[in-house]
Structure formats: structure tokens, C-alpha cells
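>>> Okay, here's the prediction I keep looking at, along with the sequence it came from:
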Amino acid sequence: MRKLLIAIPFILISGAAFAAVKCDLEQVKGIQVKSNGDLLYTSTEGKRRKIGAASNQAAASHSLQVIGLALEKRLYVQAAFPDGYDCASPNPEVLAEWIYVQNAQ
């Protein structure tokens with residue numbers, strides 16, 4: 001019983017660390033690469049989401065390739081953000097934790 005009581009806080013903390021808000025699938029209308037290296041996309045609904053940061057150029061480069069393909073092929077994109085993010089009112093300063101690209105079929 002004592003081991004269980006000790007393990008519970010660690011389970012709760014580790015579960016919170018992986019909490020993410022997954023936004024709905026959306027199509028990409030445009031891509032913005034800022035002068036500082038940040039990467040954002042705009043959905044067909046006009047929502048801007050940040051998917052790459054200047055602080056991690058390698059990840060931003062991969063994100064640009066993926067989002068460019070999504071734009072070209074008219075694929076759907078889903079992005080996940082830190083817990084508490086509001087997908088309905090996106091904040092272009094909050095970096096996505098991951099992006100997922102899916103065929104429309």
C-alpha cells in the first residue's frame with residue numbers, strides 16, 4: 001500500500017506532462033516564415049498556428065516541408081498544443097507540440 005501511495009504523485013505528474021490539446025483537422029491556406037525563423041500556417045478558416053520556432057531550426061525545417069506538402073496536396077493538418085490552448089481562438093505565439101498530416105479520404 002505504501003508503494004502505491006508513493007507512486008500516485010509520479011503517475012499524476014507524468015500524465016500531466018503529456019497533456020495536450022488536439023485541434024480539429026483543417027486545411028492549410030498559407031505558410032508564413034518570419035524573419036526570425038518562426039514558422040506559422042494559416043488554415044482555410046483564417047486561423048494562424050505556430051508550428052516551428054527559430055530556436056529549433058532543424059524541427060522548423062521539417063515542419064516547413066510537411067506543411068508545404070499539405071498545402072500543395074490539399075491534405076488535412078492537425079496540430080496539438082500545450083494544455084490550456086484554445087483551438088477556437090489560436091495564439092500564434094504558442095508553439096505546437098506536434099503536427100499530423102492526413103489524406104482527405
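Sure, I can see it. Residues are numbered from 1 along each chain as shown.
>>> can you map out the helices along the chain?
With DSSP state H as the criterion, the chain has helices at 2-17, 57-73.
>>> any weak-confidence spans in this protein?
Low-confidence segments of the chain (pLDDT under 70): 1-19, 105.
>>> Now for the closest residue to residue 27 other than its chain neighbours: which residues touch it?
Excluding the flanking residues, the one nearest residue 27 by CB to CB, 6 or more residues apart in numbering is residue 44, at 4.7 Å. C-beta coordinates here come from the backbone N, C-alpha and C atoms, glycine included. Residues near residue 44 by CB atoms under 8 Å, 6 or more residues apart in numbering: 26-29.
>>> Name the nearest of these relative to residue 37.
Minimum distance to residue 37 across the contacts of residue 44 is 19.1 Å, recorded for residue 28 (CB to CB).
>>> The closest one reaches residue 71, doesn't it?
Yes. Shown here, residue 28 and residue 71 form a contact pair, counting by CB atoms under 8 Å, at 4.5 Å.
>>> And residue 58, how far from residue 100?
Between residue 58 and residue 100 the computed distance is 19 Å (CB to CB, to the nearest Å).
>>> of the two, who's got more company?
Per other CB atoms under 10 Å, whichever of residue 58 and residue 100 has more neighbours is residue 100, with 13 against 8.
>>> Can you tell me who that one pairs with across the strands?
Beta-bridge pairing of residue 100 under DSSP bridges involves residue 78.
>>> mind listing what it touches?
Per CB under 8 Å, 6+ apart, neighbours of residue 100: 77-80.
>>> ok, of those residues, which come out buried?
77, 79-80 (16 or more other CB atoms under 10 Å).
>>> how close does the nearest residue to residue 66 once chain neighbours are set aside get to residue 36?
If the residues on either side of it in the chain are set aside, residue 66 comes closest to residue 101, at 5.8 Å by CB to CB, 6+ apart. Separation of residue 101 from residue 36 (CB to CB): 25 Å.
>>> do residue 61 as well
Here the criterion is CB to CB. By it, residue 61 lies 15 Å from residue 36.
>>> Among these two, which residue is more densely surrounded?
More neighbours surround residue 61 than the other of residue 61 and residue 36, with 13 against 8 (other CB under 10 Å).
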